[in-house]
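>>> Sequence first, predicted coordinates after that:
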Amino acid sequence: MTSLTIIAVGNIKEAYLRDGIAEYRKRISAYANCEIKELKEEKIANEDDRTAVAAALRAEGERILAAVPRDAFTVALCVEGKSMDSPSLAALLSKGIDRSGKVCLLIGSSHGLSPEVKASADFRLSFSPLTFPHQLMRLVLMESLYRSMTIIAGKKYHK
């Protein structure tokens, strides 16, 4: 069976977001195994200190790369990535599934992803040029993954 892994820095605090994510994870389970790995966000004493932010991103990046499943097709979510419509995202995921059966999506902390993580990704995806809270982005990602899986399966959810 297809394996989808979401690696995200930080955790979901609001119950309504956890509930929404759980609902889409349940729906996705009809098409794929879906695992969410939450990694610790680095604490930064001074958010304006670029050196401290860079060090935090490097540390988070090392943990992200260590958590990526072997041979997975990796998609980094970042603002400078490519925007896609739902059928195009489904085609991208299908390509990754065909390659190894494993797709891994990477969501960084509030400071984003390290350059090393972005460079290691098979694809960089942008959902929008807008900035979203990372917790909300995780819910949007889950709905998009469910929609993509239904497109791949030829179902009618996608209109």
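Right, received. Where do you want to start? Just so we're clear, the structure is a prediction, and the values are computed from it rather than from any experiment.
>>> Helices of the protein, residue ranges please.
Here the chain has its helices, by DSSP state H, at 15-28, 50-67, 86-100, 115-120, 134-152.
>>> Mind listing what's buried along the shortest one?
Read that as helix 115-120. Using 16 or more other CB atoms under 10 Å as the test for burial, helix 115-120 gives 117-118, 120. Just so you know, the C-beta spots here come from the backbone N, C-alpha and C atoms, and that holds for glycine as well.
>>> which helices and strands sit right next to that helix?
Secondary-structure packing of helix 115-120 (3 or more CB pairs under 8 Å, 6 or more residues apart in numbering; DSSP states H and E): helix 50-67, strand 73-82.
>>> From the contact counts, what lies against the longest one?
Okay, so that is helix 50-67. Looks like helix 50-67 contacts strand 3-9, strand 33-39, helix 115-120 (3+ CB pairs under 8 Å, 6+ apart).
>>> which of those sits most buried?
Scoring the helices and strands packed on helix 50-67 by mean neighbour count under mean count of other CB atoms under 10 Å gives strand 3-9 as the most buried, with a mean of 22.
>>> Check the burial of G108 by counting its neighbours.
By other CB atoms under 10 Å, the residues close to G108 number 24.
>>> Now it. Its backbone dihedrals?
Per-residue torsions, G108: phi -80, psi -170 (degrees, to the nearest 10).
>>> hang on, it packs against A59?
No: G108 is beyond contact range of A59, at 11.8 Å (criterion: CB atoms under 8 Å).
>>> residues shared between the contacts of the two?
Common contacts of G108 and A59, defined by CB atoms under 8 Å, 6 or more residues apart in numbering, are absent altogether.
>>> For N33, give its distance to L105.
14 Å (CB to CB, to the nearest Å).
>>> what about Y31, distance to T150?
8 Å.
>>> Then E143?
11 Å.
>>> So these two - more neighbours on which side?
Using other CB under 10 Å as the criterion, E143 and T150 rank with T150 on top: 19 against 15.
>>> confidence score at the more buried one?
You'll see T150 listed with a pLDDT of 96.
>>> Equivalent analysis for P129, please.
Value listed for P129 in the pLDDT field: 88.
>>> before we move on, what about L113?
Taking L113 on its own, its pLDDT is 96.
>>> likewise Y16?
For Y16, pLDDT reads 97.
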